[in-house]
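>>> pasting a predicted model and its sequence here:
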Amino acid sequence: MKRIIFLFSNLMVFFVLVGVSLAAGLPLGLPEVPVPKDNPMNADKIVLGKKLFNDKRLSADGTVSCATCHQPDMAFTDGLRVSKGIKGLTGTRNAPTVVNAVYYSAQFWDGRAESLEEQAKGPLTNPVEHGLKSFAPVIETVKSDKDYRDLFHKAFGIKPDQITIDHVAQAIAAFERTVISGDSPFDRYQYGNDKNAMSQAAIRGLEVFRVKGRCVDCHTIGQTSATFIDNKYHNLGVGFSRIEDKLMDLVDAYQNSKHSEQEQDAEILSSESISELGRFTVTLDPSDLGRFKTPTLRNVSVTAPYMHDGSMDSLEEVVEFYNQGGEDNPMLDGGIRPLRLTEQEKSDLVEFLKALTSPEFAN
């Protein structure tokens, strides 16, 4: 049943993108889906992107696809602390959900990819993810497959010898732009004027979220829609203790070395120390040390474990972490400080977070 709902949702979103009324097609509570001018949507491109997203042949040993770490029946996560790639190799980062990733201004926990298209390429050549040495095997695979040849022609109007890795990435990104969800109990309460859509505990939790908890400072709620992100990066202290005693040596070494995009991807998922540098690996700005992207809270009750390193197993643990003011370190964000929530307020806040689950992922 969930698969049927998801496929129907994808079709509805596609109708929106090709010109049907946004009000009629978008799930309640979501803003318009941004689509780049150089990668317009069409039905064939979405079908192609979904096929590529699920194709394990696009990995060095034929065991890993995008869907390996972003499983539709797990709200496009994998349920692991850190994800597994080829040969069972593990990285350093928790796999964030693809759902509503279209609303981020940059991708990955550190924002090193500026678009869904750019992000789609990274895992293919990462040694602990798809593990390919180059993009050449991807192109060889799709050119040798008649279904792919037909789909690329329909989606882009190109012949097999014209297919590039950019076409592959554009198709995957087009599919991912259909992976959106709203219409949660919160949306029906907030934007649908259904005051019975949330429990009384969740309603109290929304007040904590807005006021005493100050969660809304980063997980934004708008007048007509809510993405629950701020497209910014923050140091909460998670994992910072792993590098604090060797921080300056790490910073000096990283600033004085040169990294290609592929080398950067490899280091981040191969070295725990490099991973914990966070946004700094992108900007080389010391103020970005230990900063990671604000994740969406939609469907958060079904996308555990939490944080960039998957170090927290429950919403209760996350709420308590924030209540204690994060983990102290020299780079801790100024807005992170003890909240002094009561046990009732913490419980209510968790109930509100559960009310952000969309129907297709509720079970």
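Here it is on my side, so go on. Numbers count the residues shown, from 1 in each chain.
>>> I figured residue 46 hits residue 175, correct?
Yes - assessed by CB atoms under 8 Å, residue 46 is found in contact with residue 175 at 5.3 Å. Where you see a C-beta, it was placed from the backbone N, CA and C, and this is true even at glycine.
>>> ok, these two, which is more surrounded?
Shown here are residue 46 and residue 175; by other CB atoms under 10 Å, residue 175 has more neighbours (25 against 22).
>>> gap between the more buried one and residue 303?
As judged by CB to CB, to the nearest Å, residue 175 and residue 303 stand 19 Å apart.
>>> which outside residues touch the helix or strand containing residue 154?
For residue 154, the element it lies in under DSSP states H and E is helix 146-156. Defining contact as CB atoms under 8 Å, 6 or more residues apart in numbering, one finds that helix 146-156 is touched by 42, 44-45, 47-48, 51, 141-143, 158-160, 163, 167, 170-171.
>>> helices and strands of this structure: which one bottoms out on pLDDT?
helix 2-17 (a mean of 42; mean pLDDT, DSSP states H and E).
>>> do a quick rundown of the strands in the protein.
For the chain, applying DSSP state E gives strands covering 233-234, 292-293.
>>> now these as a markdown table including mean neighbour count, distance to residue 108 and mean pLDDT?
Converted to a markdown table, those look like this (neighbours: other CB atoms under 10 Å; distance: least, CB to CB, whole Å; pLDDT from 0 to 100):
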| stretch | mean neighbour count | distance to residue 108 | mean pLDDT |
| --- | --- | --- | --- |
| strand 233-234 | 22 | 11 | 98 |
| strand 292-293 | 24 | 8 | 98 |
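>>> about what we covered before: list just the nearest of the contacts of helix 146-156 to residue 130.
Set against residue 130, the nearest of those by CB to CB is residue 141 (11.7 Å).
>>> isn't residue 75 up against residue 300?
No - judged on CB under 8 Å, residue 75 makes no contact with residue 300 at a distance of 9.3 Å.
>>> who has more neighbours out of the two?
Neighbour count, other CB under 10 Å: between residue 75 and residue 300, residue 75 has more, with 24 against 20.
>>> low-confidence stretches in the stretch 51-200 of the chain?
Applying pLDDT under 70 to the stretch 51-200 of the chain flags no residue at all.
>>> okay, helices next: where are they in it?
Under the criterion DSSP state H, counting those that start in this stretch, the stretch 51-200 of the chain contains helices at 66-69, 116-121, 136-143, 146-156, 165-176, 185-190, 200-210.
>>> with that, I have no additional questions.
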